[in-house]
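*Asks:* Provide a 3D model corresponding to the input given below.
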Amino acid sequence: MTSRANRASLVFLFDLAAVAMSWLTAFWIRFNLQLSPEDLHIALRSLTWVVPIYGASFFFHGLYRGLWLFASIPDLFRLARGVIVGTVIVLAFAFMFGDGGVVPRSAFVLTPSLLLLAMSTPRIAYRAWKERGLIGNYGGSRKPVLLLGAGRAGAMLARELARSPEWRVVGFLDDDRAKIGREIHGHEVLGPLTEVEWRGRERGVSTVILTLPSAPKAVQSRVAHLAIRAGLEVLRAPRIDELKDGKTSISNVRRISVDDLLGRESVVIDDANVEGLVRGQVVLVTGAGGSIGSEICRQLARFSPRQLILFENSEFALYRIEEEFRSRFPEREILALAGDVRDRERVQQVFAQYKPRVVFHAAAYKHVPLMECHNAWQAVRTNVVGTHVVAQAAHDHGTEDFILISTDKAVNPANVMGATKRLAEMTCQALHQATDGRTQFKIVRFGNVVGSAGSVIPKFQTQIEHGGPVTVTHPEVTRYFMSIPEAAQLVLQAGTMGNGGEIFVMEMGKPLKIADLARDMIRLAGHSEEEIPIAFTGLRPGEKLFEEVLALSEETLPTPHPKLRIARARQVEPDGLLRAVGELASRSDPGDDATRRLLRQLIPEYKYPLLVEIKSAMSEAQSAVPVGVATDGTASAPLYAARGTADA
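*Replies:* Numbering: from 1, shown residues only. Just a heads-up that it's a prediction; the model follows:
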């Protein structure tokens, strides 16, 4: 701190000396380079008030808060304001109290120009000298890097990288033809973004930095994919506001993530409507410790609920989410309740005591292969009976909005998990039809979310960290993906819409091939497929080659939000369905095949295989698909063909 204060003092003394020299030089120029003793006396006497006035103006305008090493245009503007204001005050003082009658007027005109030159030149020269010295010291140890995007962010980053000991900019790529061939901070715009592979080879580049913060996410994703598939390491630039005035570290440049590759635009929700739904209300979230449930809770906390009830069956998950909320949202009233959605007595007790106005029901078993064999009845009990228990309690105790979190696997279900979620949807629709409408039951469907528990992305990351192989079920398998925050925000938005009974479908964009995702993640980690191979293992029980968002018999209607539509599914007969669902709670496990037959009776669109078909398909897949060898999937594809499923 003392050293910094000493440097500022030296700079201040230098500027005062510059004032004195500029003032005397103005006199000297005025009198044709010949100063008489009398004129020199006037000039020296007037310095007693000219120098203090300029010095005060410099301090007032903050000329000594910055560093010469980072002198920039804003600093020069600040310097100019200090000189101009000082000149105005000097002029006023001279004619009111000083030597205005004897000081030549040309001195007041010449001094500011000379002073600006005397103060700015050393600052600019010092910065240029230091930067040249830094670059010279780093020498050839700096890694060459291409900047993808020659806009404002690229220009600002190039300027910052000029002082980096790690990076050396060798050029820009940009699709704007008007920029190609031009230079930015001495670096040429070499060509369009599609040339990233050969320009990288030409310039000896192994790393590129994406500097397109204002471009659509789809464009950023396309460029990132081009670079990754060229075998280049891809980094993202900091935000523009972090680069202003050179006040950020280049360490803010980061690797791109899987989220960046999805190319999904940020969600903009109607905060006013969501706040109207939540603010000042008691809100209950089941499955609050899970990936989706916990993110819904985080999003809800923004809208100031009176009390947020976290209902969770897993003790550890409940403890973890409660600790997070105590730390991140200490001003929110959080209530962590342990309980099972299948426990009717516990659920009724919670609703009777706290009377939540809004319920988000996220508790469910979601893992397709686990639920398909040996756990089919548990999926029914949790996903169907549990939903019925919570939904009935919501109606009994005056909940106004009940939002069920569903899945795209409920469309033309080909597995137990999807079938149970479809039956949960039908249960909510039946309750809405059978009751007085006091509670609005709404359903929200979406696909896979990046980073959720049990999703392929954390699994792939772990496999890559352990050196592979990365296991993919089938070369052609595709899935829809979105980020967890995006899904949670759209769930909240859907909660503000409709009149009950609707199934809201999220716009999921284009499906991704899981094999392509695996390849991109391997390259993102800095490896090749030779180092970490992909092993195709065959479709697992209950898996489809692709997921659907809408069943063929369903139609969609638009909503005020561009990423939400309403699916009009077939109507259900409420009395019979609710009676059948109610009977499920008292039944014992009938076995996997009997469970599938029961689900088929209740859900006509459910196309299920018998257990013997599952075992046969698994056996064929294991014998036909050795680890590390890609196939065309012919051994795995017949898994559901016999029953005519949508993806057969």
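*Asks:* where along the stretch 151-300 of the chain do the helices fall?
*Replies:* With DSSP state H, counting those that start in this stretch as the criterion, the stretch 151-300 of the chain has helices at 152-161, 196-202, 217-229, 240-243, 258-262, 271-278, 291-301.
*Asks:* quickly run through the sheet partners of the helix or strand following the last one, with directions.
*Replies:* Yep, that's helix 291-301 we're talking about. On the C-terminal side of helix 291-301, the closest following helix or strand by DSSP states H and E is strand 307-312. Looking at strand 307-312 with DSSP bridges, its partner strands are strand 282-286 (parallel), strand 334-338 (parallel).
*Asks:* what mean pLDDT does stretch 355-373 get?
*Replies:* For stretch 355-373, mean pLDDT rounds to 91.
*Asks:* what of stretch 484-499?
*Replies:* The average pLDDT for stretch 484-499 rounds to 84.
*Asks:* give the buried residues for it.
*Replies:* Neighbour-count burial for stretch 484-499, counted by 16 or more other C-beta atoms under 10 Å, picks out 484-498. Yep, even glycine has a C-beta here, placed from its N, CA and C like the rest.
*Asks:* out of the residues you listed, who's nearest Gly293?
*Replies:* Among those, Ala488 lies closest to Gly293 (C-beta to C-beta), at 9.0 Å.
*Asks:* what are the contacting residues of the helix or strand in which the closest one is found?
*Replies:* Using DSSP H and E, Ala488 sits in helix 484-495. For helix 484-495, contacts defined as C-beta atoms under 8 Å, 6 or more residues apart in numbering pick out 264, 266-267, 269-270, 273-274, 277-278, 291-292, 295-296, 298-300, 358, 360, 401, 403, 405, 442, 444, 446, 449-452, 504, 506, 561, 563-564.
*Asks:* by how many degrees do it and helix 271-278 diverge?
*Replies:* Helix 484-495 runs at 70 degrees relative to helix 271-278, counting by axes from the mean of the first three to the mean of the last three C-alpha atoms, to 10 degrees.
*Asks:* after helix 484-495, which helix or strand is next?
*Replies:* Sequence order places strand 503-506 as the next helix or strand after helix 484-495, per DSSP H and E.
*Asks:* mind giving me the packing neighbours of that following strand?
*Replies:* Judged by 3 or more C-beta pairs under 8 Å, 6 or more residues apart in numbering; DSSP states H and E, the packing partners of strand 503-506 are strand 440-446, helix 484-495, strand 564-568.
*Asks:* for the ones you listed, which one sits closest to Leu210?
*Replies:* Using C-beta to C-beta, the nearest of the helices and strands packed on strand 503-506 to Leu210 is helix 484-495, at 20.3 Å.
*Asks:* that closest one: how far from the chain's middle?
*Replies:* In terms of C-alpha atoms, centre = their mean, to the nearest Å, the gap separating the centre of helix 484-495 from the centre of its chain is 14 Å.
*Asks:* ditto for stretch 39-58
*Replies:* Counting by C-alpha atoms, centre = their mean, stretch 39-58 comes out at 57 Å from the chain centroid.
*Asks:* and if you look at stretch 406-420?
*Replies:* Put simply, stretch 406-420 sits 28 Å off its chain's centre (C-alpha atoms, centre = their mean).
*Asks:* could you chop the protein up by domain?
*Replies:* Annotated domains of the chain cover 2-135, 142-256, 271-643 [automatic domain parsing].
*Asks:* so how far is Gly276 from Phe303?
*Replies:* 9 Å (C-beta to C-beta, to the nearest Å).
*Asks:* sorry, wrong one. I was asking about Pro533.
*Replies:* 53 Å.
*Asks:* how about Ala178?
*Replies:* Using C-beta to C-beta, one gets 47 Å for the distance from Ala178 to Gly276.
*Asks:* again, but for Leu35
*Replies:* 78 Å.
*Asks:* now swap in Glu197 and tell me
*Replies:* Taking C-beta to C-beta, one finds Glu197 at 51 Å from Gly276.
*Asks:* ok, now Ala419?
*Replies:* Remark: distance between Ala419 and Gly276 (C-beta to C-beta) = 36 Å.
*Asks:* with neighbour numbers in mind, choose between those two.
*Replies:* Taking other C-beta atoms under 10 Å, Ala419 and Gly276 do not tie; Ala419 has more neighbours (31 against 13).
*Asks:* pretty sure the more buried one contacts Pro413?
*Replies:* Yes - counting by C-beta atoms under 8 Å, Pro413 is a contact partner of Ala419 at 4.2 Å.
*Asks:* between the two, what contacts are shared?
*Replies:* Residues touching both Ala419 and Pro413 by C-beta under 8 Å, 6+ apart: Ile603, Tyr606.
*Asks:* for the stretch 201-350 of the chain, which spans come out with low pLDDT?
*Replies:* Applying pLDDT under 70 to the stretch 201-350 of the chain flags residues 238-252, 260, 262-269.
*Asks:* tell me who's in contact with the residue lying closest to Thr420 once chain neighbours are set aside.
*Replies:* Using C-beta to C-beta, 6 or more residues apart in numbering and skipping the chain neighbours, the partner closest in space to Thr420 is Asn383 (3.7 Å). Contacts for Asn383 (C-beta under 8 Å, 6+ apart) come out as Ala364, Tyr365, Met417, Thr420, Lys421, Leu423, Ala424.
*Asks:* would you turn those into a markdown table with secondary structure, neighbour count and distance to Ala430?
*Replies:* As requested, these are exported to a markdown table (DSSP: H, G, I helix; E, B strand; the rest coil; neighbours: other C-beta atoms under 10 Å; distance: C-beta to C-beta, whole Å):
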| residue | secondary structure | neighbour count | distance to Ala430 |
| --- | --- | --- | --- |
| Ala364 | coil | 26 | 18 |
| Tyr365 | coil | 19 | 21 |
| Met417 | helix | 26 | 20 |
| Thr420 | helix | 32 | 15 |
| Lys421 | helix | 29 | 15 |
| Leu423 | helix | 27 | 10 |
| Ala424 | helix | 28 | 11 |
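*Asks:* sweet, I'm off.
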